[in-house]
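Q: Take this sequence and fold it.
(3 chains)
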Amino acid sequence: MAEIFTLSTSQAKQCIDITTRVREIVRKSGVRDGLCHVMVLHATAALAVNENADPNIGVDLLAALDRAIPDHAGWLHDRIDNNAQAHIKAAILGSSEIIPIADGDFLLGTWQGIMLIELDGPRSPRRVAVTIIPAP
Amino acid sequence: MAEIFTLSTSQAKQCIDITTRVREIVRKSGVRDGLCHVMVLHATAALAVNENADPNIGVDLLAALDRAIPDHAGWLHDRIDNNAQAHIKAAILGSSEIIPIADGDFLLGTWQGIMLIELDGPRSPRRVAVTIIPAP
Amino acid sequence: MAEIFTLSTSQAKQCIDITTRVREIVRKSGVRDGLCHVMVLHATAALAVNENADPNIGVDLLAALDRAIPDHAGWLHDRIDNNAQAHIKAAILGSSEIIPIADGDFLLGTWQGIMLIELDGPRSPRRVAVTIIPAP
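A: Reported below is the predicted structural model:
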């Protein structure tokens, strides 16, 4: 039922528009109405719904997270894996999103898309699970 | 399947209790058990589940977000639309929530309600989509 | 349809791994594929999906939240209940998570688990609702 796709990230911190990839899975499913759950299967990346049209929104989001949660600010997990900031930000942002499906497509606002937020890259593969629940 | 309602916001930044509006849609649906998905269809507003009984919680939430993510702190998107802080906060807070439905009503804690968080207002209309998935 | 379990917290601020408790409910349900919704029924606690293997990740997360949202930093709700920081953090972290179920178990990344984040403890009982939607 869940379908998994993968992608590669190219930077340490990066926002990537995955709306088209997820929409393809929704359309292929043939489901007309329901909910689409999207989840990144990693603890150092996250998902968000926001605007991808201006890619600087992703840049600003990453900068704001860095400002509030600086790298290596005494985090204990850095002693083991040196990526505590990524775990902290991923827990705050969240690893999944749910989008309504209506008439066979996403029900989203004009400026809303799905972004994968890489926080400890570059990494390959990053796995994303898409689960569709049709309306009864 | 999804039902959309609209509301107007009156301030630049504002928390509005929408629990009653969403509950009406749940009751009208006749669904006894399931999940209720609520999503604001904009990239500069957000949803949260928390206490509305003391409206100062919403005021404190907005103040804490302003403290961590100040207006016009060099955000790149401000060159285009001057509302980068709203996009950043919306991505962090999230645009949707899911509430269980049990015995025809929300399953929520005593102090939990649904709040719409306007971050770039005043705006009208703000659109909210409510999708109900009944238990089989 | 929703099943509620309770737990006790022992510290003012604390991250507790609840993955095993929720997984038991999923397995008992017999559902092979679908979605599992988990929600803490309180406005001063939250849920996150992240790594529990190194418990210092939870410690770092709580420290980062304290750094961005200090206790008693002039919050208005403190005049009533002295726990504004808990409400603010809970609204930002979110009170619920959804995990896919595949082949009768969670579909999670290697380092992903479910953590309950106590922000105004110690408290007993803390109630958690688990709702399972099977695939049709």
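Q: Report the rounded mean pLDDT for the helix or strand containing A:Arg67.
A: Assigned by DSSP states H and E, A:Arg67 belongs to helix A:56-68. Over the span of helix A:56-68, the pLDDT mean works out to 98.
Q: ditto for stretch A:101-115
A: On average, stretch A:101-115 scores 97.
Q: ranges for the strands of chain A?
A: In chain A, the segments counted as strands under DSSP state E are A:3-7, A:14-17, A:34-40, A:45-50, A:96-102, A:105-106, A:113-118, A:126-134.
Q: can you redo the ones you listed as TSV with mean neighbour count?
A: C-beta coordinates here come from the backbone N, C-alpha and C atoms, glycine included. Shown next, in TSV, are the strands of chain A (neighbours: other CB atoms under 10 Å in any protein chain shown):
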stretch	mean neighbour count
strand A:3-7	14
strand A:14-17	20
strand A:34-40	25
strand A:45-50	26
strand A:96-102	23
strand A:105-106	16
strand A:113-118	24
strand A:126-134	21
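Q: Of the ones you listed, give the one that comes closest to B:Asn82.
A: Comparing those against B:Asn82 with CB to CB, the closest turns out to be strand A:45-50 (16.3 Å).
Q: how about the nearest residue to A:Pro100, chain neighbours excluded?
A: Excluding the flanking residues, the one nearest A:Pro100 by CB to CB, 6 or more residues apart in numbering or on different chains is A:Leu107, at 4.0 Å.
Q: So which residues on chain A come close to chain C?
A: A:1-2, A:37, A:39-44, A:68-69, A:73-77, A:79-81, A:84, A:87-88, A:90-92, A:94-96, A:98, A:127, A:129, A:131, A:133-134, A:136 (CB under 8 Å from any CB of the partner chain).
Q: Quick one: buried ones out of these?
A: Among those, those scoring as buried are A:1-2, A:37, A:39-44, A:68-69, A:75, A:77, A:81, A:84, A:87-88, A:90-92, A:94-96, A:98, A:129, A:131, A:133-134 (criterion: 16 or more other CB atoms under 10 Å in any protein chain shown).
Q: and A:Pro70, what is it in contact with?
A: A:Gln85 (CB atoms under 8 Å, 6 or more residues apart in numbering or on different chains).
Q: separation between it and C:Asp120?
A: Distance, A:Pro70 to C:Asp120, by CB to CB, to the nearest Å: 26 Å.
Q: do the same with A:Asp105
A: Distance, A:Asp105 to C:Asp120, using CB to CB: 42 Å.
Q: And the pLDDT at the residue nearest the centre of chain A?
A: Among the residues of chain A, A:Leu47 comes closest to the average C-alpha position under CA atoms, centre = their mean, at 2.3 Å. A:Leu47 carries a pLDDT value of 98.
Q: For the residue nearest to it when sequence neighbours are not counted, give the beta-bridge partners.
A: Sequence neighbours aside, A:Glu97 is the residue nearest to A:Leu47 in space, at 5.0 Å (criterion: CB to CB, 6+ apart). Beta-bridge pairing for A:Glu97 (DSSP bridges): A:Val38.
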